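Trainee: Can you look at this prediction? I've put the sequence above it.
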Amino acid sequence: MKIVKYSPGQFKAAYRICKMGMELDKITEDLLKQKIDDDPDFAPDLTLLAYSDSNKPVGFIMGVVRKRGKEKTGYVKLLAVLKEHRRKGIATALYSQVEQEMKSRGVKLVRVYESYPNYFMPGVDPFYTEAVCFFERNGFVKFNDCANLKADLVHQDFNTSKEERKLRQHGITVSRAGKKDFQPMLNWIRRHFAAWEWEIRAAFENKPVSLHIAKKDGRIIAFSAHETNNKGTGWFGPMGTGKAARGKGIGGILLKRCLNDLKKAGFKSSVIPWVGPIPFYMHYVNSKVERVFWRYEKKLS
């Protein structure tokens with residue numbers, strides 16, 4: 001077995017490994033390019049391919065290091081080994097090299113898959129039993145879980161005109177963001193939800209802008225977005241409401257506006273990822289849990 005740094009010429013090999021090795025997921029070439037090419041923290045030293053003794057590409061790993069406050073956090077963003085080559089130490093060899101590189105960069109904490117803002121899934125799906133065993137054998141500890149919800153778009157009406165009229169009585173307006181909203185939105189997101197700036201920028205790059213905002217007295221108080229991460233999959237989010245504006249139904253209206261966009265684009269369902277408040281989404285759009293993910297982390301000495 002040999003391990004080499006990933007280069008663009010190896011994309012087809014990486015894609016084949018991910019497509020065949022992540023059998024519970026649908027991964028396209030465009031989606032994998034988003035994960036690799038569009039990642040602002042892409043690093044060749046953390047993105048590796050493993051080749052078998054017969055020089056066949058059989059394993060792929062992508063790690064990234066993100067600045068989180070004053071600290072650096074490492075992430076195993078993607079990891080896949082072809083089924084027939086598992087239990088041969090390939091994943092361990094790939095991860096060990098990535099971990100050593102992360103240590104050299106001053107990383108003291110590594111998490112699995114949840115490499116927001118550009119991530120594929122928010123944790124380990126326990127139905128990937130081999131992955132659960134692999135990470136636990138390598139010193140990772142489960143500390144939380146989360147879920148992806150699925151919202152049907154075909155059999156629901158997302159018209160919010162009635163609810164919006166009620167908000168206008170209180171001086172609150174809701175609309176799709178326009179170019180003039182770009183800088184005010186960035187200023188607001190940096191104050192309230194700084195972790196989502198990358199996704200907000202991505203929403204403004206879409207045509208039309210895939211961001212809806214609520215304003216009071218001309219100032220932004222809430223937002224929701226879609227198709228900012230995992231584009232082409234019907235991905236919803238992020239969304240957020242300022243503390244003073246919560247409890248007024250604004251979030252539900254913004255959610256429905258985004259899902260209506262996705263419905264008009266031809267999606268039959270939407271993924272609502274990495275969910276905390278499951279009852280909120282079920283109340284407004286009858287969404288159901290589609291997948292559960294276990295969150296893992298490892299402290300590096």
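Mentor: Structure received.
Trainee: Confirm F223 sits in a strand?
Mentor: Yes: the assignment for F223 is a strand, going by DSSP: H, G, I helix; E, B strand; the rest coil.
Trainee: Count the neighbours of it for me.
Mentor: A count of nearby residues for F223, using other Cβ atoms under 10 Å, gives 29. For every residue, glycine as well, the C-beta is placed using N, CA and C.
Trainee: which stretches of the stretch 51-200 of the chain have low pLDDT?
Mentor: Within the stretch 51-200 of the chain, the set of residues satisfying pLDDT under 70 is empty.
Trainee: which stretches of it form helices?
Mentor: Applying DSSP state H, counting those that start in this stretch to the stretch 51-200 of the chain gives helices spanning 90-104, 129-137, 161-168, 182-192, 197-205.
Trainee: Output those helices in a markdown table; the columns should cover mean neighbour count.
Mentor: As requested, those are exported to a markdown table (neighbours: other Cβ atoms under 10 Å):
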| stretch | mean neighbour count |
| --- | --- |
| helix 90-104 | 18 |
| helix 129-137 | 16 |
| helix 161-168 | 12 |
| helix 182-192 | 15 |
| helix 197-205 | 18 |
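Trainee: between those, which gets nearest to S287?
Mentor: Nearest to S287 among these is helix 161-168 (18.0 Å), distances taken as Cβ to Cβ.
Trainee: Among the helices of the stretch 51-200 of the chain, which comes closest to G251?
Mentor: With Cβ to Cβ, the closest approach to G251 among those belongs to helix 161-168: 11.2 Å.
Trainee: same for that closest one, what does it pack against?
Mentor: Helix 161-168 sits against strand 172-176, helix 250-264, with contacts defined as 3 or more Cβ pairs under 8 Å, 6 or more residues apart in numbering; DSSP states H and E.
Trainee: And the ones you listed: which comes nearest D217?
Mentor: strand 172-176 (9.1 Å).
Trainee: quick revisit: most packed of the helices and strands packed on helix 161-168?
Mentor: Mean neighbours per residue, mean count of other Cβ atoms under 10 Å, is largest over those for helix 250-264, with a mean of 22.
Trainee: quick revisit: for the helices of the stretch 51-200 of the chain, which one sits closest to Y296?
Mentor: Across the helices of the stretch 51-200 of the chain, closest to Y296 is helix 129-137 (Cβ to Cβ), at 5.1 Å.
Trainee: If I look at I36, what pLDDT would I see?
Mentor: pLDDT recorded at I36 is 97.
Trainee: That one: neighbour count?
Mentor: Neighbourhood size, I36 [other Cβ under 10 Å]: 21.
Trainee: any idea how far it is from S210?
Mentor: Note on I36: its distance to S210, by Cβ to Cβ, to the nearest Å, is 22 Å.
Trainee: Could you pull up the contacting residues of the spatially most central residue of the chain?
Mentor: Centroid-nearest residue in the chain, with Cα atoms, centre = their mean: Y119, separated by 3.8 Å. Residues in contact with Y119, defined by Cβ atoms under 8 Å, 6 or more residues apart in numbering, are Y75, K77, Y113, N229.
Trainee: quick one: it and L262, what's the gap?
Mentor: From Y119 across to L262, the span is 19 Å (Cβ to Cβ).
Trainee: returning to what we had before: relative to L94, which of the helices and strands packed on helix 161-168 is closest?
Mentor: Closest of those to L94 is helix 250-264, at 35.6 Å (criterion: Cβ to Cβ).
Trainee: ok, residues contacting the helix or strand just after that closest one?
Mentor: Using DSSP states H and E, the helix or strand that follows helix 250-264 towards the C-terminus is strand 269-275. If you take Cβ under 8 Å, 6+ apart as the criterion, strand 269-275 is touched by 114, 116, 121-122, 146-154, 226, 229-230, 233-237, 259, 262, 281, 287, 290, 293.
Trainee: Now the element after strand 269-275, going C-ward?
Mentor: Using DSSP H and E, the next helix or strand after strand 269-275 towards the C-terminus is helix 278-285.
Trainee: Could you check the angle that next one makes with helix 250-264?
Mentor: Between the axis of helix 278-285 and that of helix 250-264 there is an angle of 60 degrees, by axes from the mean of the first three to the mean of the last three Cα atoms, to 10 degrees.
Trainee: Buried residues, helix 278-285. List them.
Mentor: Residues of helix 278-285 classed as buried: Y281, Y284, V285 (neighbour count, 16 or more other Cβ atoms under 10 Å).
Trainee: export these to CSV and tack on pLDDT?
Mentor: Below are the buried residues of helix 278-285 laid out as CSV (pLDDT from 0 to 100):
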residue, pLDDT
Y281, 96
Y284, 97
V285, 97
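Trainee: Just the pLDDT at M1, thanks.
Mentor: pLDDT for M1: 88.
Trainee: Surely it and A91 touch.
Mentor: No: using Cβ atoms under 8 Å, M1 is not in contact with A91, being 11.3 Å away.
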